[in-house]
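J.: okay, sequence plus prediction incoming.
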Amino acid sequence: MLNTSLVVFLQLGAIAILALYVAANLGANDVANSMGTSVGSKALTLRQAIIVAGILEFAGAVLFGQGVSETLATGVVNAEVFADKPQVFLIGMVSVLAACGLWLQIATSLGLPVSSSHAVVGAIAGFSWVAAGIHAVDWPTIGRISLTWVATPFASGALAALFYSGVKHWILDRPDPLFQLREWIPWLSAALLSVFGIIVLPSVVDVALVQTGAIDFARDRLGWNLPIHDIAIAIGSIGAIGLSLNSWKKLEKEGSAASNVRDVTDRKNKQEEIFSPSPTLPLSPSPTLPLSPSPPLPHSSIEQQMARFQVLSACFVAFAHGSNDVGNAVAPLAAIAYIQRTGSFPLEDFNVPLWILVLGGAGIVIGLAIWGQKVIATVGENIIQLQPSGGFCAELATATTVLLASRLGLPVSTSHALVGAVVGVGLIKGWKSVRWKTLQSIGSAWVVTIPIAAGLGASIFSIAQWILVK
């Protein structure tokens, strides 16, 4: 039975505020993963990025964050060690929240994108070691995380380089790039909806049709047997077709506008020839018409179109990030609430309650709005100068890397994937375009995240335990 005493309520309230602080720092730092390249390429302004990311991150966290696994809260430790010491684990989870919030705020103030999941894992490992010895930590899990930490930016960078090389070769560097873009729009649409659709659509279909009972109703009452995967594929296909048709329509409008400018210019020149004075007299300068600007360059129209693709890809990444990474901030709070409610270590029936998901989503939005611009500027502007075509390729590579890793059951960092992808695009543009000093600072922050979080978690736990024992 839930303990509703005032003391327990106040304790949980204070811990909830701490979790809100961690979620705010996570929002300030990690949301650069979805919006940094869009701001850097000028596809979105900083204000637009914050609004779009805030809405989609909150929606993803609240609507689809329930699937957060208990692995984050209990998989880094040996459960047998803490099974008979739930109160020690509770103090440890409070220490994890404090350590992660502190380190994420330091990194964000310096404009450094770091992995919130690595900070959480490091802090859990740190307090567990101090609380119950070296065997309390699940070192194979730490080892897998370290390996993926090294591999993720290289894999994402290679994919981004491959994607951008294709766009550059088949579209940007062609004699008629606008014609090539028209030919490639269906393929770009299919690539975008395939990658992001696989990340988001299964969860959408599950919540909207399975959990609401719509699938059972259609089967039992109407006799329709609707396979879940086929529904997701159908939605993605319709989306890709719609995106292609809309993109073609936009290109036609831009082409018509450019054609109108050329027609007006041609008519002006013909009128000057017809009504010009005698050739024996000097010609006076012709007046400048209001429509004097030259037609837009082909690459300008291409980048405008790619900006639309990039904004859509950023929206998918923000939604997926909110649903997946909110657990970094609220899983410790969920474990604490579970211990307070049951008095036991969280095991098989552990989950994240809705009010905690709402808290995490709200914290992400608050942190993004207050502190997010520094990390967004680092990822989007201070590594390379991005255009929408490069930003789109970077985000597509990031999503592909994270998706493949998820399918293989490998824990990865979205921050690592995105930074690696941006560098991959920069290397195709030319290695001199990459600001290696910024990259060195980011790499250093990655290297120290786990040990610093572990040290902070261990120190805060030791102090808290000493105060409580005394």
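T.: Received, thanks. Note that the structure is predicted; figures quoted are calculated from it, not measured.
J.: show me which residues of stretch 215-232 are buried.
T.: Of the residues in stretch 215-232, those scored as buried under the neighbour-count criterion (16 or more other Cβ atoms under 10 Å) are 215, 231-232. Bear in mind the C-beta positions are built from the backbone N, C-alpha and C, glycine included.
J.: tell me which helix or strand of this protein sits lowest on mean pLDDT?
T.: Of all helical and strand segments in the chain, the minimum by mean pLDDT, DSSP states H and E falls on helix 373-381, at a mean of 70.
J.: what packs against whatever helix or strand comes next after that helix?
T.: Per DSSP states H and E, the first helix or strand lying C-terminal to helix 373-381 is helix 388-407. Using 3 or more Cβ pairs under 8 Å, 6 or more residues apart in numbering; DSSP states H and E as the contact criterion, the neighbours of helix 388-407 among helices and strands are helix 32-40, helix 139-167, helix 177-205, helix 298-342, helix 414-429.
J.: could you give the angle of helix 388-407 to helix 139-167?
T.: Using axes from the mean of the first three to the mean of the last three Cα atoms, to 10 degrees, one finds that helix 388-407 and helix 139-167 are set 150 degrees apart in direction.
J.: please renumber so the chain begins at 9
T.: With the count now opening at 9, the last piece we talked about shows up as helix 396-415.
J.: quick one: residues contacting I310.
T.: The neighbourhood of I310, defined by Cβ atoms under 8 Å, 6 or more residues apart in numbering, consists of 179-180, 185-186, 189, 397.
J.: hmm, 6 Å instead?
T.: For I310, the set of contacting residues under the criterion of Cβ atoms under 6 Å, 6 or more residues apart in numbering consists of 185, 189.
J.: from A27, how far out is it?
T.: Applying Cβ to Cβ, to the nearest Å, one obtains 45 Å for the distance of I310 from A27.
J.: now swap in Q188 and tell me
T.: Remark: distance between Q188 and A27 (Cβ to Cβ) = 50 Å.
J.: what's the answer for P94, then?
T.: Here P94 is placed at a distance of 18 Å from A27 (Cβ to Cβ).
J.: likewise for I206?
T.: For I206 relative to A27 (Cβ to Cβ), the value is 30 Å.
J.: neighbour count winner among those two?
T.: A27 (27 against 17; other Cβ atoms under 10 Å).
J.: pretty sure the more buried one contacts L341?
T.: Yes: with the criterion set as Cβ atoms under 6 Å, A27 and L341 qualify as a contacting pair; they are 4.0 Å apart.
J.: for stretch 111-125, buried residues please.
T.: Burial within stretch 111-125, assessed by neighbour count using 16+ other Cβ under 10 Å, is assigned to 111-113, 115-116, 119-125.
J.: same thing with stretch 463-478?
T.: By neighbour count on 16+ other Cβ under 10 Å, the buried set for stretch 463-478 is 463-469, 472-473.
J.: which pair of those residues spans the longest distance?
T.: The largest separation in those, counting by Cβ to Cβ, is between G463 and Q473 at 15.8 Å.
J.: which regions of the stretch 59-208 of the chain sit below the pLDDT cut-off?
T.: Applying pLDDT under 70 to the stretch 59-208 of the chain picks out residues 72-83, 207-208.
J.: apply 90 and report the result again.
T.: The stretch 59-208 of the chain contains residues with pLDDT under 90 at 59-98, 101, 112-130, 132-133, 139-160, 180-190, 196-208.
J.: same thing with the stretch 259-408 of the chain?
T.: Judged by pLDDT under 90, the stretch 259-408 of the chain has its weakly predicted residues at 259-400, 402-408.
J.: check contacts around L376.
T.: L376 makes contacts with 35, 39, 58, 61-62, as judged by Cβ under 6 Å, 6+ apart.
J.: again, 7 Å this time
T.: Contacts were defined as Cβ atoms under 7 Å, 6 or more residues apart in numbering; by that measure L376 touches 35-36, 39, 58, 61-62.
J.: and it, how far from I241?
T.: In this structure, L376 and I241 are separated by 33 Å, where distance is defined by Cβ to Cβ.
J.: anything in contact with each of A27 and L341?
T.: Both A27 and L341 are contacted by L105, under the criterion Cβ under 7 Å, 6+ apart.
J.: next, the buried residues of stretch 136-150.
T.: By neighbour count on 16+ other Cβ under 10 Å, the buried set for stretch 136-150 is 136-140, 144-146, 149-150.
J.: ends of it, how far apart?
T.: End-to-end distance for stretch 136-150: 13 Å, by Cα to Cα, to the nearest Å.
J.: off-centre distance for that stretch?
T.: Centroid separation for stretch 136-150 versus its chain: 30 Å, with Cα atoms, centre = their mean, to the nearest Å.
J.: since we're on F317, how many residues are nearby?
T.: As a burial measure, F317 scores 24 neighbours (other Cβ under 10 Å).
J.: what's the closest residue to it other than its chain neighbours in contact with, if anything?
T.: Among residues not flanking F317 along the chain, F400 sits closest, at 5.0 Å (Cβ to Cβ, 6 or more residues apart in numbering). Under the criterion of Cβ under 7 Å, 6+ apart, the contact list for F400 reads 314, 317-318, 321.
J.: can you redo these as TSV, where the extra columns are distance to L447?
T.: Formatted as TSV, these follow (distance: Cβ to Cβ, whole Å):
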residue	distance to L447
M314	24
F317	26
Q318	22
S321	23
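J.: so which of those comes closest to V85?
T.: S321 (36.4 Å).
J.: gap between the closest residue to the closest one other than its chain neighbours and Q393?
T.: In space, S321 comes closest to E403 once its chain neighbours are excluded; the distance is 4.4 Å by Cβ to Cβ, 6+ apart. Per Cβ to Cβ, E403 is found 16 Å from Q393.
J.: compare neighbour counts for those two and give me the winner.
T.: Here E403 and Q393 are set side by side on neighbour count (other Cβ under 10 Å), and the busier one is E403, at 34 against 14.
J.: check contacts around that one.
T.: Counting by Cβ under 7 Å, 6+ apart, E403 touches 45, 318, 321-322, 325.
J.: switch the cut-off to 6 Å
T.: The neighbourhood of E403, defined by Cβ under 6 Å, 6+ apart, consists of 45, 321, 325.
J.: also N86?
T.: With the criterion set at Cβ under 6 Å, 6+ apart, N86 makes contact with 144, 146.
J.: what does I372 give?
T.: 31, 35, 65.
J.: repeat that for 8 Å
T.: 31-32, 34-35, 39, 62, 65-66, 69, 330, 334, 337.
J.: skipping its backbone neighbours, what lies nearest it in space?
T.: For I372, the closest residue by Cβ to Cβ, 6+ apart turns out to be G35, at 3.4 Å.
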